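Peer 1: sequence first, predicted model second:
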Amino acid sequence: MKVGVLTGGGDCPGLNAVIRSVVRKGVQEYSFDFVGVRDGWLGLLQDAVVPLDIPSVRGVLPRGGTILGSSRTNPFQHEDGPRRVRETLAAHEVDALVVIGGEDTLGVADRLHRQGIPLVGVPKTIDNDVSGTDYTFGFDTAVGIATEAIDRLHTTAESHMRALVVEVMGRHSGWIALHAGIAGGANVILIPERPFDIDQVCEQVKSRFKINYAPIVVVAEGAAPKEGQLVLKDQSRDEFGHVRLSGIGEWLAREIAERTGKDARTTVLGHIQRGGTPSAFDRWLATRFGLHAVDAVRDGDFGVMVALQGTRIGRIPLADATAEKKVVDPSLYDEFEVFFG
Ligand code: F6P
């Protein structure tokens, strides 16, 4: 049996840990052969397939990123894409694929599986928004980095008695914002699942200043104010005169400063949340996902995704995992009401 391994979408800490455990168990226990696909689905469109064996995964467990490279290429958006994917797999005599990716990559995997390609999915993303798994690896590392940043921002905010807005990743879900915000003792947490009222945010900020405390506002990049509260003045022009829409963090700091008369600053954490070494939890989860994914290949159980269900690793249909994003439940958000404001 020859198995191809592919990492797609935005990278995240723990990808190499999955590759390592898939290869180690596949070679040692099942005598599988492996190849790596370069740069996600792009590698199957461009015939970029490389050898993958135990020596090539040595030492990669603590390494961030992916030794195989990644991309957001979708073969269904390329002429003859699925046919080219099939041809590359056939040319390299690949019998099955292990596809490590987030919702988009796994959605493509589901469609290709329906067209007859045997594959098993492994969920990754710092956003933690893949349905059917309690956690994705990468999330714990990102939360740790964001929490440390918030801890640091508390002391500088206090020294200058100013508000600090921390923008974290999460276009569609507020998992990082909620977990890091609670762990870091934020006073306001804004998530995409719940449009916010800027007047209320400013009231919360003012009430912190009143008790001589510098407020920290954590905002997910996809969070937005209620309809009608984002106005045209938020457009600025860059040095070339092009209109530029500022990020939500920048917008919030400007509104807070204008409406409260207090100084406010923004820190955008960006890709720092995705880079570098995975946390111990992410290495553990990624390793377990890899071991179970290779078991699914051995069982011939294709079209499934491995998933953390409590403390056990189960398998669910890829179609269930990719039908919709896993968003923050409003009741979970409301649990923390006492800390806000
Ligand atoms: O999906 C993971 C993620 O890190 C999101 O949180 C973020 O919005 C996006 O990827 C950034 O993508 P890119 O690296 O392509 O800018």
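Peer 2: Now that the structure is in, tell me what you want to look at.

Peer 1: tell me the contacts of whichever residue of the stretch 1-150 of the chain sits closest to the ligand?
Peer 2: For the stretch 1-150 of the chain, the residue closest to the ligand is Gly10, as judged by Cβ to the nearest ligand atom, at 3.7 Å. In short, each C-beta sits where N, CA and C put it, glycine included. Applying Cβ atoms under 8 Å, 6 or more residues apart in numbering to Gly10 gives the contacts Ser70, Arg72, Gly102, Thr125, Ile126, Arg274.

Peer 1: and if you look at Lys326?
Peer 2: Per Cβ under 8 Å, 6+ apart, neighbours of Lys326: Asn128, Asp129, Val130, Ser131, Gly132, Ser173.

Peer 1: how about a cut-off of 7 Å?
Peer 2: Residues counted as contacts of Lys326 (Cβ atoms under 7 Å, 6 or more residues apart in numbering) are Asp129, Val130, Ser131, Ser173.

Peer 1: could you do Lys25 as well?
Peer 2: Leu291, Val294.

Peer 1: quick one: low-confidence parts of this protein?
Peer 2: Along the chain, segments meeting pLDDT under 70 span 230-246.

Peer 1: and whatever residue of the stretch 101-250 of the chain ends up closest to the ligand, how far from Phe137?
Peer 2: With Cβ to the nearest ligand atom as the measure, Met169 is the residue of the stretch 101-250 of the chain nearest to the ligand, at 3.3 Å. Applying Cβ to Cβ, to the nearest Å, the value for Met169 to Phe137 is 15 Å.

Peer 1: neighbour-wise, which of these two wins?
Peer 2: The residue with more neighbours, out of Met169 and Phe137, is Phe137; 33 against 24, by other Cβ atoms under 10 Å.

Peer 1: gap between the nearest residue to the residue of the stretch 101-250 of the chain closest to the ligand once chain neighbours are set aside and the ligand?
Peer 2: Nearest non-adjacent residue to Met169, counting by Cβ to Cβ, 6 or more residues apart in numbering: Gln273, 5.3 Å away. From Gln273 across to the ligand, the span is 7 Å (Cβ to the nearest ligand atom, to the nearest Å).

Peer 1: now Gln273: phi and psi?
Peer 2: The phi and psi values for Gln273, taken as degrees, to the nearest 10, are phi -70, psi -20.

Peer 1: mind listing what it touches?
Peer 2: Shown in contact with Gln273 (Cβ under 7 Å, 6+ apart): Ile126, Ala142, Ile145, Ala146, Val168, Met169, Ile176.

Peer 1: so Ile313, which state does it fall into?
Peer 2: strand (DSSP: H, G, I helix; E, B strand; the rest coil).

Peer 1: want to throw the contacts of Gln273 into JSON lines with secondary structure?
Peer 2: Formatted as JSON lines, the contacts of Gln273 follow (three-state DSSP):
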{"residue": "Ile126", "secondary structure": "coil"}
{"residue": "Ala142", "secondary structure": "helix"}
{"residue": "Ile145", "secondary structure": "helix"}
{"residue": "Ala146", "secondary structure": "helix"}
{"residue": "Val168", "secondary structure": "strand"}
{"residue": "Met169", "secondary structure": "coil"}
{"residue": "Ile176", "secondary structure": "helix"}
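
Peer 1: so the residue of the stretch 1-150 of the chain closest to the ligand, which of the three states?
Peer 2: coil.

Peer 1: tell me the spacing between it and Leu153.
Peer 2: Taken as Cβ to Cβ, the span from Gly10 to Leu153 is 24 Å.

Peer 1: next: Ser131.
Peer 2: 32 Å.

Peer 1: thinking again about what came up before, touching, the residue of the stretch 101-250 of the chain closest to the ligand and Ala180? I think so.
Peer 2: No - counting by Cβ atoms under 7 Å, Met169 does not reach Ala180; the two are 10.2 Å apart.
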